[in-house]
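Novice: got a sequence here, can you model it:
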Amino acid sequence: MKKIIISFLLGGVLGGLAGFVVGIFVYPYIFLTDIVADEKIGNIESKQVLASGEFIHANPSDPIHYGSGKISVYKDVVHLEPDFAVGPGPAFHVYLVPGDGDITPDTDVAATMFVDLGRLRAFRGSQVYPIPEGVDIAKYGSIVVWCRHFGVLISPAKLVYR
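Specialist: Sure thing, here's the model as predicted:
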């Protein structure tokens, strides 16, 4: 009887772990990769682009954490352009990161005075993120997609100011 109870408990724990792994790692690849965002900026004709950049694959030897596409920064919003794409994963956020813009996988982004613009809404497509009031965008050299769950750089974009 004791062996049956131990086997049952061990099976429950292993099954729970397997379910967690499937939920964290497999779910985004299966269900969320077909979602393409299509957000627009209101009155874009009257807005001036302050900076622009392009997301890069920060570590080419890492096939999971990648990104591409252009980004435009206006006075009050950050716009991920329609060609934006990143590899899927959990808890991706868009951060403004201070400094010169040279962000690598070794950069400790979490230790900087970054500004969290919010959770990534889709792995592909056009997205708009408001810049909080009082943030001086000129102090930020990069915008990055960061995985908060694992503390991993997904893709940086160095900003070029106009």
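
Novice: find the helix or strand that the nearest residue to Ile35 once chain neighbours are set aside is a member of.
Specialist: Counting by CB to CB, 6 or more residues apart in numbering, Ile35 lies nearest to Ala122, which is 4.7 Å off, once chain neighbours are set aside. Placement of C-beta: from N, CA and C, glycine included. For Ala122, there is no enclosing helix or strand under DSSP states H and E.

Novice: pretty sure Ala122 is in contact with Ala37, am I right?
Specialist: Yes. With contact defined as CB atoms under 8 Å, Ala122 counts as touching Ala37 (3.8 Å).

Novice: so between these two, which is more surrounded?
Specialist: Using other CB atoms under 10 Å as the criterion, Ala122 and Ala37 rank with Ala122 on top: 21 against 16.

Novice: following the helix-or-strand element of the chain with minimal mean pLDDT, which helix or strand shows up next?
Specialist: Lowest by mean pLDDT, DSSP states H and E among the helices and strands of the chain is helix 27, with a mean of 57. Downstream of helix 27, the first helix or strand assigned by DSSP H and E is strand 36-38.

Novice: show me what that next one is in contact with.
Specialist: Under the contact criterion CB atoms under 8 Å, 6 or more residues apart in numbering, strand 36-38 has outside partners Leu80, Pro82, Arg121, Ala122, Arg124, Gly125, Ser126, Gln127.

Novice: just the helices in this protein please.
Specialist: Assigned by DSSP state H, the chain shows helices spanning 2-21, 27.

Novice: worst average pLDDT in those helices?
Specialist: Lowest mean pLDDT of the helices of the chain: helix 27, a mean of 57.

Novice: on that earlier part again, for Tyr161, find the nearest of the helices of the chain.
Specialist: Proximity to Tyr161 (CB to CB) singles out helix 27 among those, at 38.5 Å.

Novice: gap between the most centrally placed residue in the chain and Val73?
Specialist: Against the mean C-alpha coordinate of the chain, by CA atoms, centre = their mean, the closest residue is Val145 at 2.9 Å. Note on Val145: its distance to Val73, by CB to CB, to the nearest Å, is 15 Å.
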